[in-house]
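A.B. asks: I would like the atomic coordinates for the input below:
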Amino acid sequence: GASPEMDADEVYDEVDALDDSDDEFVYEEVQVESEDEDIGEEDLESAMRSLMGASAKAAPPPEQVPETVPGEVKKRPEVMDDFVRNFLLKIGMHKTLEQFEMEWYELASTGKLSREEVGAVPDVYLRNAELDDTLKRLRSELEQAKSIASQATSTWDKFRKERDFHRMHHKRVGQEKNKLLTDIKRLRKHYAQYEPTIKELRHKYEVAMKEKMLMRLERDRLQAKVESFEAAPVPGAPSVPAPGAEDPAGADPAAATLAKSTKKTLKAAALPVEPRVNPYATLKFDAADVKAYKLSKTFKGHLLSVSNLAMHPKKPILATASDDKTWKMWSVPGGELIMSGDGHKDWVAGVSFHPKGIMLASASGDCTVKLWDFEKKKCTVTLHEHTQAVWTAAFHDSGDFLASCSLDHSARLWDLTKSRCKTTFRGHVDSVNEVVWQPFTNNICTGSSDKTVSLWDARTGLCAQTFYGHLNSCNSVAFNIRGDCVASCDADGIVKLWDVRMVAELMTVNVGPHPANKVCFDRSSEVVAVASDDGTIKCISVADGTVTNHLSGHEDAVQSVLFDPYGKFLVSAGSDQTFRLWSV
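C.D. replies: Numbering: from 1, shown residues only. Next up, the predicted model:
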């Protein structure tokens, strides 16, 4: 070969191979016909490719090495020890795994493990493990899918049932609507037939009311004229003898007739103007020993619930009112029946004695108040002006007036000399459940279902004070004997004491959850008894507001409770048709 340090200016001469050479061999020029004259001689690269192609055909093909795609993770065969570790971890054999690793590393460190014995794990085992995991996962997903499908099926069944129910309900509502429309059309036709008659009757009613008003005016005018004639002295008339005096012998009957005609009509009573002194204001009485009270006697004298009680002001007599439309009077503590009254058309809710003990007033669900004269043994007056059931009635200490309360949201003051309503107390927006007089005054107190307790001036008919605090219907109110404190109870079992002079709440006692139906003071004003709907009587100390005793004995709700005026015993009445005496 030429030296690498050959001169760069060396000149090469072109020599023809067919020229004279040293050997004696005769060379002949062979003409090669070109297949394509346009294609030039092959270059060096083409020749090299041809040679490489020929050698490739002659040599055996090498193993195909797959090209690695960028980002692809190439999976390598898992070796035996990793396979065993994964298997032991999978089934939770941790102690066996620790023992295996200890022995494996010991053998590996001493060179006792050969590559042929502990090579890669065959793919079939790995594939089986993968398929097993996949099978378990698919089974779990299948169970979840079955559960979801079951829930969806039950939900669909429920929705289908609800759809059928609502569809049926809709059809029924449609049928009812069509029926109502038919009834409305029929009623409209029916009303159209009666409308002329209704207009004619309305016109007749208006004419009758006008005539009634004119007749009342004429009656009042004539009555005033008669009273003026009766008040004027008659010239030449004989003197009228005093009431109770005997007529002289041979008296002229005409003179007696004239005397009767000249009697003056009774004048309307008037409430006292001057303030009166309460005789009990300075007196002190011993408190009732309610802690020692026990059931002493039980009387069953009515066919239905006994709703109210009243004590005679001068005698040991008790009056009871009942839902059987009667009232009765009993001697106490003996319990003998003295008198009964039957005349109301509905239940009797309240009774009250006249201050002189000569008559009794009864309030009833037939919207009336009746006065019963003990001497005549009959009902002498019926008061009608309430428009709904009357709950209670109470006499004024003068005996000339009676207060009543009603479901018609009003209380009324009745003048008993004229047997007519003198004043109507309006202001409550619900039933007035109780009315009582403040002792020796012209004030009345009312408890209403509108949750208020109100004080009214009977002379003016105006509300003087209103006590707020109850959260439910106020069922009963009661004054103490001094008249400076009033107790009230409501349907939640709440009892409240109010200071009348300070217009303030003194105390609240919860004896619920059953309703409290009635409250009353003893004569010392230190104990309050409460009739409860749970069949018991709660006795409350006014000093500290504690419940000192529970009197149990009634078989049903207790409707009324009352201390006797002398503090010897307590009387209660209940829905079990009985009234009971409690004493020491």
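A.B. asks: pLDDT weak spots in the stretch 51-200 of the chain?
C.D. replies: For the stretch 51-200 of the chain, the stretches flagged by pLDDT under 70 are 51-78, 115-117, 119-120, 122-123.
A.B. asks: now with 90?
C.D. replies: 51-94, 97, 99-133, 189-200 (pLDDT under 90).
A.B. asks: where do the helices sit along it?
C.D. replies: 80-91, 94-110, 123-231 (DSSP state H, counting those that start in this stretch).
A.B. asks: of all those, which one is nearest residue 310?
C.D. replies: The closest of the helices of the stretch 51-200 of the chain to residue 310 is helix 123-231. By C-beta to C-beta, the value is 36.3 Å. Every residue, glycine included, has its C-beta placed from N, CA and C.
A.B. asks: what's the angle between that closest one and helix 80-91?
C.D. replies: Angle of helix 123-231 versus helix 80-91, following axes from the mean of the first three to the mean of the last three C-alpha atoms, to 10 degrees, is 30 degrees.
A.B. asks: show me the shaky parts of the stretch 201-350 of the chain.
C.D. replies: Short version for the stretch 201-350 of the chain, where the test is pLDDT under 90: 202-203, 205-289, 301, 314, 332-335.
A.B. asks: all helices for it, in order.
C.D. replies: So, for the stretch 201-350 of the chain - with DSSP H, counting those that start in this stretch - the helices run 253-261.
A.B. asks: ranges for the strands of it?
C.D. replies: 294-300, 306-311, 317-322, 326-331, 337-342, 348-353 (DSSP state E, counting those that start in this stretch).
A.B. asks: and for residue 517, the neighbour number?
C.D. replies: Burial of residue 517 is recorded as 24 neighbouring residues (other C-beta atoms under 10 Å).
A.B. asks: okay but it is in contact with residue 554, surely?
C.D. replies: No: using C-beta atoms under 8 Å as the test, residue 517 is too far from residue 554 to be in contact (11.5 Å).
A.B. asks: so the residue positioned nearest the centre of the chain: helix, strand or coil?
C.D. replies: Closest residue to the average C-alpha location of the chain: residue 472 at 12.7 Å, with C-alpha atoms, centre = their mean. Put simply, residue 472 is coil when judged by DSSP: H, G, I helix; E, B strand; the rest coil.
A.B. asks: ok, it touching residue 451?
C.D. replies: Yes: using C-beta under 8 Å, residue 472 is in contact with residue 451, at 6.4 Å.
A.B. asks: mutual contacts of the two, please.
C.D. replies: Common neighbours of residue 472 and residue 451, using C-beta atoms under 8 Å, 6 or more residues apart in numbering, are residue 490.
A.B. asks: could the helices of the stretch 51-200 of the chain go into TSV alongside mean neighbour count and distance to residue 301?
C.D. replies: Shown next, in TSV, are the helices of the stretch 51-200 of the chain (neighbours: other C-beta atoms under 10 Å; distance: least, C-beta to C-beta, whole Å):
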stretch	mean neighbour count	distance to residue 301
helix 80-91	14	91
helix 94-110	12	91
helix 123-231	10	45
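A.B. asks: got CSV for those helices, with distance to residue 379 too?
C.D. replies: Formatted as CSV, these follow (distance: least, C-beta to C-beta, whole Å):
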stretch, distance to residue 379
helix 80-91, 103
helix 94-110, 104
helix 123-231, 26
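A.B. asks: looking at these, which is nearest to residue 427?
C.D. replies: The nearest among the helices of the stretch 51-200 of the chain, by C-beta to C-beta, is helix 123-231 at 28.1 Å.
A.B. asks: which other helices and strands does the closest one contact?
C.D. replies: Packed against helix 123-231, as judged by 3 or more C-beta pairs under 8 Å, 6 or more residues apart in numbering; DSSP states H and E, are no other helices or strands.
A.B. asks: when you give positions from now on, start the count at 171
C.D. replies: Got it, the first residue is 171 from now on, which makes the last one we talked about helix 293-401.
A.B. asks: mind checking how far that helix is from the chain centre?
C.D. replies: Put simply, helix 293-401 sits 21 Å off its chain's centre (C-alpha atoms, centre = their mean, to the nearest Å).
A.B. asks: quick revisit: between the helices of the stretch 221-370 of the chain, which one is closest to residue 539.
C.D. replies: Among those, if distance is taken as C-beta to C-beta, the winner is helix 293-401, at 23.2 Å.
A.B. asks: any idea how far residue 372 is from residue 384?
C.D. replies: 19 Å (C-beta to C-beta, to the nearest Å).
A.B. asks: what do you get for residue 618?
C.D. replies: Counting by C-beta to C-beta - residue 618 and residue 372 are separated by 35 Å.
A.B. asks: then residue 726?
C.D. replies: Counting by C-beta to C-beta, the gap from residue 726 to residue 372 is 49 Å.
A.B. asks: so what's residue 520 up against?
C.D. replies: By C-beta under 8 Å, 6+ apart, the neighbours of residue 520 are 477, 478, 491, 532, 533, 560, 561, 562, 563.
A.B. asks: go again with 7 Å.
C.D. replies: Shown in contact with residue 520 (C-beta atoms under 7 Å, 6 or more residues apart in numbering): 478, 491, 533, 561, 562, 563.
A.B. asks: just the buried subset of those, please.
C.D. replies: 478, 491, 533, 561, 562, 563 (16 or more other C-beta atoms under 10 Å).
A.B. asks: closest to residue 661 among the residues you listed?
C.D. replies: Residue 661 lies nearest to residue 561 out of the buried ones among the contacts of residue 520, by C-beta to C-beta, at 14.4 Å.
A.B. asks: pretty sure that closest one sits against residue 603.
C.D. replies: Yes: look at residue 561 against residue 603 with C-beta atoms under 7 Å: they come within range, at 5.5 Å.
A.B. asks: joint contacts of these two?
C.D. replies: residue 575.
A.B. asks: could I get the strands of the stretch 371-520 of the chain as CSV with distance to residue 255?
C.D. replies: Below are the strands of the stretch 371-520 of the chain laid out as CSV (distance: least, C-beta to C-beta, whole Å):
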stretch, distance to residue 255
strand 464-470, 90
strand 476-481, 93
strand 487-492, 97
strand 496-501, 102
strand 507-512, 106
strand 518-523, 95
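A.B. asks: would you tell me which of these gets closest to residue 325?
C.D. replies: The nearest among those, by C-beta to C-beta, is strand 476-481 at 57.7 Å.
A.B. asks: flag every buried residue along the closest one.
C.D. replies: 476, 477, 478, 479, 480, 481.
A.B. asks: nearest to residue 544, of these?
C.D. replies: residue 480 (13.5 Å).
A.B. asks: contacting residues around that closest one?
C.D. replies: With C-beta under 7 Å, 6+ apart, residue 480 has these contacts: 489, 521, 522, 523.
A.B. asks: recalculate using a threshold of 8 Å.
C.D. replies: Residue 480 touches 488, 489, 521, 522, 523, 530, 732, counting by C-beta under 8 Å, 6+ apart.
A.B. asks: hmm, which two among those are most spread apart?
C.D. replies: 530 and 732 (15.0 Å).
A.B. asks: higher neighbour count, those two?
C.D. replies: Set residue 530 next to residue 732 and count neighbours by other C-beta under 10 Å: residue 530 wins out with 26 against 21.
A.B. asks: show the subsequent helix or strand relative to the one helix or strand that one maps to.
C.D. replies: Using DSSP states H and E, residue 530 sits in strand 529-534. Next helix or strand after strand 529-534 toward the C-terminus (DSSP H and E): strand 539-543.
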